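**Student:** Fold the following for me, if possible:
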Amino acid sequence: MCPPNWGQACRVPRTGARAGFGVELAIVTAADLQAELAVLDRTLTSIEAVLDPASSRAEIAELQEKVAAPNLWDDQENAQLVTSRLSRLQAGVDRIVSLRSRVDDLGVLIELAVEESDAATLAEAQKDLSALSADIEALEIRTLLSGEYDQRDALVTIRSEAGGVDAADFAAMLMRMYLRWAERHGYSVEVYDTSFAEEAGIKSATFTVKEPFAYGMLSVEQGTHRLVRISPFDNQGRRQTSFAGVDVLPVTEETDHIEIPEADIRVDVFRSSGPGGQSVNTTDSAVRITHLPTGLVVSCQNEKSQLQNKAAALRVLQSRLLSLARAEKEAEMRELKGDGGNSWGSQMRSYVLHPYQMVKDLRTDFEVGNPDAVFDGDIDGFIDAGVRWRRQQGER
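**Tutor:** From the prediction side, this is the model:
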């Protein structure tokens, strides 16, 4: 309990680790928390103005009418689009409503702590404020995603590059990192293709993250990633530098009108491969599609049906053709503007495990000293910093 007559000045200890100095104590007052909450309130109000939940509710009402139509599922593809759009809009509105409710409830909790002279309640409010701040900041990032394709699902491809078996192992570590990131947030993932390396790790993998704004968020992860460590595959225990590439594309939609004539593709079927002797390995169900005009090659082997694998491979090919067309258009615009280009395809992040522990983004300078947490999917800080950096670059 706080001493009597303390009012707004009740104080609770805030602890935090400080290297070499044990535990550092700071003092937090009720007035501090109310000031921080006021800032969050203003931030959330700005987010609401940008995301416009009232407009979303109007569209939700229209979609609900379509969902209620008895003939909705006569066209299954359109029905899936309608229901998916409805689910996403409703989730977005629910998220904003939940945050607004938490802001209001936290204000009441702080006032209650003041009235009851209760330091324990104030400490609880401090904890809730920290979590609320993180959640509002995550939503704020979405207001910065205004690119043409930012709202779409993301098609991610990871490839091992220079570094031999260490690079293949690093590519597998990156794949797990992104899958864990998606799992932490409850995002759905569909793996299309995994090409395993002979000794360890993967040569490449392609998967889709199905979540509104997944492309906008993950697009800042595109580029070359570098790992420095003592190689577990070197019997002399030498330090090894290896590289892996990450490509991120927006998933195509019907409105993209990416036509692929049958005459422009060659379809090869083969038996799926991979560790563990999965049932998919027993038939020639895997599909490889070569786009003859461009030479693009895509494959899918994770479905049991050859038709399912072909459909998935075609979706990947459509996304890559869309990205190719967009890149050509951007190159033309840069040429007209006299722009010397950018460094998106260059090295963008270093993961150092020896002689010290650090992960650093080379564009934003955002860094952390816990690589284990990063490889376990804790990459929101890097994504947020990347989105803000890209926005700043666009405003210059």
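
**Student:** hang on, A154 packs against T252?
**Tutor:** No - the pair A154 and T252 fails to qualify as a contact (C-beta atoms under 8 Å) at a distance of 12.0 Å. C-beta coordinates here come from the backbone N, C-alpha and C atoms, glycine included.

**Student:** more neighbours, the two?
**Tutor:** When A154 and T252 are compared for neighbours, A154 comes out ahead with 28 against 23, by other C-beta atoms under 10 Å.

**Student:** need the contact list for that one.
**Tutor:** For A154, the contact set (C-beta atoms under 8 Å, 6 or more residues apart in numbering) comprises T208, V209, E211, A214, Y215, M217, L218, S219, V248, L249, P250, V251.

**Student:** and the gap between the residue nearest to K310 when sequence neighbours are not counted and L322?
**Tutor:** If you skip the residues right next to it in sequence, K310 has V287 as its closest partner in space, 4.6 Å away by C-beta to C-beta, 6 or more residues apart in numbering. Here the criterion is C-beta to C-beta, to the nearest Å. By it, V287 lies 20 Å from L322.

**Student:** So for these two, which sits in the more crowded spot?
**Tutor:** V287 (26 against 20).

**Student:** pretty sure that one contacts V316?
**Tutor:** No - under the criterion of C-beta under 8 Å, V287 is not in contact with V316, lying 10.5 Å apart.

**Student:** any shared contact partners between the two?
**Tutor:** With C-beta under 8 Å, 6+ apart, V287 and V316 have common neighbours C300.

**Student:** end-to-end on stretch 359-376?
**Tutor:** As for stretch 359-376, its first-to-last residue distance stands at 13 Å under the measure C-alpha to C-alpha, to the nearest Å.

**Student:** Buried residues in it, which are they?
**Tutor:** Of the residues in stretch 359-376, those scored as buried under the neighbour-count criterion (16 or more other C-beta atoms under 10 Å) are V359, K360, D361, L362, R363, T364, F366, E367, V368, P371, V374, F375.

**Student:** any idea where the helices of the chain begin and end?
**Tutor:** Listed in chain order, the helices found in the chain under DSSP state H are 30-51, 53-68, 76-116, 119-143, 164-185, 214-218, 306-337, 371-375, 380-395.

**Student:** what packs against the longest one?
**Tutor:** If I follow you right, that is helix 76-116. Secondary-structure packing of helix 76-116 (3 or more C-beta pairs under 8 Å, 6 or more residues apart in numbering; DSSP states H and E): helix 30-51, helix 53-68, helix 119-143.

**Student:** which residues touch the shortest one?
**Tutor:** I take that to be helix 53-68. Outside helix 53-68, the residues touching it (C-beta under 8 Å, 6+ apart) are L72, V82, T83, R85, L86, L89, Q90, G92, V93, I96, V97.

**Student:** what number of residues lie near the third one?
**Tutor:** Yep, that's T83 we're talking about. Neighbours of T83 under the rule other C-beta under 10 Å: 15.

**Student:** Excluding chain neighbours, give the residue nearest to it in space.
**Tutor:** The shortest distance from T83 to any residue other than its chain neighbours is 6.3 Å, reached at V67 (C-beta to C-beta, 6+ apart).

**Student:** again with the first one
**Tutor:** Distances taken as C-beta to C-beta, 6+ apart place A79 nearest to L72, at 4.9 Å, with adjacent residues excluded.

**Student:** before we move on, what about the fourth one?
**Tutor:** Take R85 and drop its neighbours on the chain: the residue closest to it by C-beta to C-beta, 6+ apart is L63, 6.2 Å away.

**Student:** pull the CA atoms of stretch 68-81 into CSV?
**Tutor:** This file holds the C-alpha atoms of stretch 68-81, laid out as CSV (Å, rounded to 0.1, in the frame of the first residue of the first chain):
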residue,chain,number,x,y,z
ALA,A,68,-26.6,-14.7,-46.5
ALA,A,69,-27.6,-15.2,-50.2
PRO,A,70,-28.7,-18.8,-50.8
ASN,A,71,-26.7,-19.0,-54.1
LEU,A,72,-23.4,-17.7,-52.7
TRP,A,73,-21.6,-21.0,-53.1
ASP,A,74,-22.8,-21.6,-56.7
ASP,A,75,-19.5,-19.8,-57.5
GLN,A,76,-17.1,-21.2,-55.0
GLU,A,77,-14.2,-19.1,-56.0
ASN,A,78,-16.2,-15.9,-55.5
ALA,A,79,-17.7,-17.2,-52.3
GLN,A,80,-14.2,-17.8,-50.9
LEU,A,81,-13.2,-14.2,-51.8
